[in-house]
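Q: Provide a 3D model corresponding to the input given below.
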Amino acid sequence: MKDNNDITLQKILILLVITVLTVFFLPSCNSGVKNEKEVGTNLNTINVLWQDASRWDGNTAKKVSLINPEKFIINIDGPKSHHTPTTGPHPTELVGFIDTLVNLYGYTGILVMHPDCNRSEFNTDWGGNNDTINGWKLYVDYFTLLNDTLLANKLPTFTELLIETEGSIMGEKADKQDSIFNNIKTYLNQNHIKLSATNNWHSNWTNWKSVDYYYAQLYDVCYKYDKHEGSFGIPSLCGPNTYSPSRCDTLVKELNKAIVLDSLKDVYFIFTYAPEPKPTKKNPKPKPHVDAPMFGEDTIYWCRTDYDTLITKFRNVDPRLRNANTGIWHCESPLSKW
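A: Below is the predicted model:
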């Protein structure tokens, strides 16, 4: 029989080994967000925090307020979605979250609503009944309902509605976007509300007359570049995205060459902190770095100082980007790890 002291000693040694491996081989991001509010100006490296999955807990409110971005884009699932910490928030949950965000932790920025327009959830979460003609009205109606609820509780309201047509029932073709957003703006009928769109780094969004702001997604670049075929991929940025100053130089150089937007006014450049995809039954061997360049993959995670270095270089690579607005999609990741 082994002595209990021997067993205890073995456990201690195992814990020590795990601790040492964690310190030396896993990224640490504890030096990022300090326990003080940042200044939400155009010089801030994070002008936008954009949720992927919904989060409306107190810790999220606290972390967002500490960074204090110019805009906080809140993901909103449909009124028929489940009541969980990563869905919704439904009206009463939103009231509690905004109250905590603003009145308890002092967030001073703009609130943006991003309804989850994913086609696969249109019927279940929004009660869409396969209405591909007027189904978009459900998003606008819910935007109005949530704002009325916030107003009734004497809380700040959403002043911007971000509509993502890609993967939705609304249609993705470029020649349809102008009419889609014109219809939304007319139906919304609230002049003080800004309407925004999102897509890649080369859309002619200025032709969409009703769109006030544009969020250019600087990720998912792994396809070929062929201007004649209308393909604007950046294959040189595929693969693992491991931090180094030289990697930052490569990123900003290649991204700058690829950005061919008609205008950079009212544009926000968005980087992704989505994690690497996990194996599933349907996809047991998912392709790594699928949305390259990615900054939130566990083994090559970019800490706040890494990200800040990238943005500084991004704003200095070309005079036209000197005052560029930048932000993070899947912000729940850095909010939990920085």
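
Q: rest of the way, CA atoms for contacts and neighbours
A: OK.

Q: Would you state the strands of this protein in chain order?
A: For the chain, the strands defined by DSSP state E cover 48-50, 71-76, 110-115, 160-163, 194-199, 213-217, 225-226, 231-232, 267-272, 325-329.

Q: Pick the most buried one from these.
A: Burial of the strands of the chain is given as mean neighbour count (mean count of other CA atoms under 10 Å); strand 48-50 ranks first at a mean of 25.

Q: and the gap between Pro79 and Phe143?
A: For Pro79, the distance to Phe143 equals 11 Å [CA to CA, to the nearest Å].

Q: same question, Thr157
A: 10 Å.

Q: Now do Thr272 against Leu104, distance only.
A: According to CA to CA, Thr272 and Leu104 sit 29 Å apart.

Q: before we move on, back to that, tabulate the strands of the chain in JSON lines, adding columns for distance to Lys173 and mean pLDDT.
A: Output for those, formatted as JSON lines (distance: least, CA to CA, whole Å; pLDDT from 0 to 100):
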{"stretch": "strand 48-50", "distance to Lys173": "24", "mean pLDDT": "98"}
{"stretch": "strand 71-76", "distance to Lys173": "24", "mean pLDDT": "98"}
{"stretch": "strand 110-115", "distance to Lys173": "20", "mean pLDDT": "98"}
{"stretch": "strand 160-163", "distance to Lys173": "14", "mean pLDDT": "98"}
{"stretch": "strand 194-199", "distance to Lys173": "11", "mean pLDDT": "97"}
{"stretch": "strand 213-217", "distance to Lys173": "16", "mean pLDDT": "97"}
{"stretch": "strand 225-226", "distance to Lys173": "18", "mean pLDDT": "82"}
{"stretch": "strand 231-232", "distance to Lys173": "14", "mean pLDDT": "84"}
{"stretch": "strand 267-272", "distance to Lys173": "20", "mean pLDDT": "98"}
{"stretch": "strand 325-329", "distance to Lys173": "23", "mean pLDDT": "98"}
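
Q: okay but Asp243 is in contact with Asp308, surely?
A: Slight slip there: residue 243 is Tyr, not Asp. No - at 11.6 Å, Tyr243 and Asp308 do not qualify as touching, with contact defined as CA atoms under 8 Å.

Q: what residues do these two have in common as contacts?
A: Between them, Tyr243 and Asp308 share no contacting residue under CA atoms under 8 Å, 6 or more residues apart in numbering.

Q: Mind checking the strands of the chain for the one nearest to Met294?
A: Nearest to Met294, of all those, is strand 267-272, at 5.7 Å by CA to CA.

Q: Please state the offset of the closest one from the chain centre?
A: How far strand 267-272 lies from its chain's middle: 8 Å, per CA atoms, centre = their mean, to the nearest Å.

Q: same thing with stretch 312-325?
A: Worked out by CA atoms, centre = their mean, stretch 312-325 lies 20 Å from the chain centre.

Q: How about stretch 117-126?
A: 19 Å.

Q: Only alpha carbons, please: show stretch 285-294 as CSV.
A: Once non-C-alpha atoms are left out, stretch 285-294 reads as follows in CSV (Å, rounded to 0.1, in the frame of the first residue of the first chain):
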residue,chain,number,x,y,z
LYS,A,285,-11.9,17.6,-39.1
PRO,A,286,-12.7,21.4,-39.6
LYS,A,287,-10.3,23.4,-41.6
PRO,A,288,-8.0,25.4,-39.4
HIS,A,289,-7.7,29.2,-39.7
VAL,A,290,-10.8,29.2,-41.8
ASP,A,291,-11.6,32.9,-41.4
ALA,A,292,-8.0,34.1,-41.6
PRO,A,293,-6.5,36.3,-40.5
MET,A,294,-7.7,35.3,-37.0
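
Q: Nothing else from me, thank you.
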